[in-house]
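A.B. asks: compute the structure for the input listed below.
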Amino acid sequence: MTKKVFLRRLQSVAAAALAFALLSLPGAFCQETGESDAGFHNRQGMEYFKKGFYDHAPKKQAAEAERNYGLAIREFKAAISKDAAHTEAHRNLARVYYVQKNFEGAAEEYRRVAELDPHDLDAYVNQALALIELKKPVEAIRALENAKSHTCDPKALEALDSYISKVHAHQDTGVR
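C.D. replies: Alright, predicted model coming up:
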């Protein structure tokens with residue numbers, strides 16, 4: 001092999017290696033918005049969720065809605081794998097689970113939201129709703145009581161007490 005042929009092959013191999021290296025760079029490198037990988041996946045998940053919830057579910061297109069929910073779940077989990085403290089991804093994952101009637105998953109994700117943002121009273125209330133669906137009123141009351149320890153707002157405390165009373169009433173009647 002001549003020196004000239006050898007140098008051309010070496011250039012080709014080097015160019016291929018450089019192209020492979022550039023294509024292997026993290027996705028955030030290519031994003032113009034400066035958005036994090038977790039934020040990107042969360043946003044993509046919301047697009048899928050909205051398409052399933054607003055476009056397909058009202059038209060009774062259950063299979064298409066479920067397909068979009070599945071894609072949304074995959075994106076929210078990807079966001080969480082990139083940033084385990086991404087509160088919105090956990091909240092959105094909980095929403096999809098609730099819509100799918102996966103109340104165990106919804107309760108767990110809302111618990112995680114409350115853990116990440118203890119002053120997010122909606123997370124506790126939504127967790128309690130999922131727990132009620134699971135016929136776990138004692139745990140639902142515990143979630144609502146926990147919410148009370150994270151606010152001093154009299155209106156919020158009044159609302160939480162009202163919810164607790166309703167769970168107790170529901171528990172006493174045994175009616176769903």
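A.B. asks: what packs against the helix or strand where residue 115 lies?
C.D. replies: According to DSSP states H and E, residue 115 maps onto helix 103-116. Helix 103-116 makes packing contacts with helix 87-99, helix 121-133, helix 137-148 when contacts are defined by 3 or more CB pairs under 8 Å, 6 or more residues apart in numbering; DSSP states H and E. Heads up, the C-betas are built off the backbone N, CA and C, glycines and all.
A.B. asks: mean neighbour count and mean pLDDT for those helices - can I get that in JSON lines?
C.D. replies: Below are those laid out as JSON lines (neighbours: other CB atoms under 10 Å; pLDDT from 0 to 100):
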{"stretch": "helix 87-99", "mean neighbour count": "23", "mean pLDDT": "98"}
{"stretch": "helix 121-133", "mean neighbour count": "22", "mean pLDDT": "97"}
{"stretch": "helix 137-148", "mean neighbour count": "19", "mean pLDDT": "97"}
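A.B. asks: if we can go back for a sec, would you mind listing the buried residues in the helix holding residue 115?
C.D. replies: By 16 or more other CB atoms under 10 Å, the buried positions in helix 103-116 come out as 103, 105, 106, 107, 108, 109, 110, 111, 112, 113, 114, 116.
A.B. asks: check what pLDDT the last one gets.
C.D. replies: The predicted local distance difference test score for residue 116 is 98.
A.B. asks: ok, and the closest non-adjacent residue to it?
C.D. replies: residue 87 (4.8 Å; CB to CB, 6 or more residues apart in numbering).
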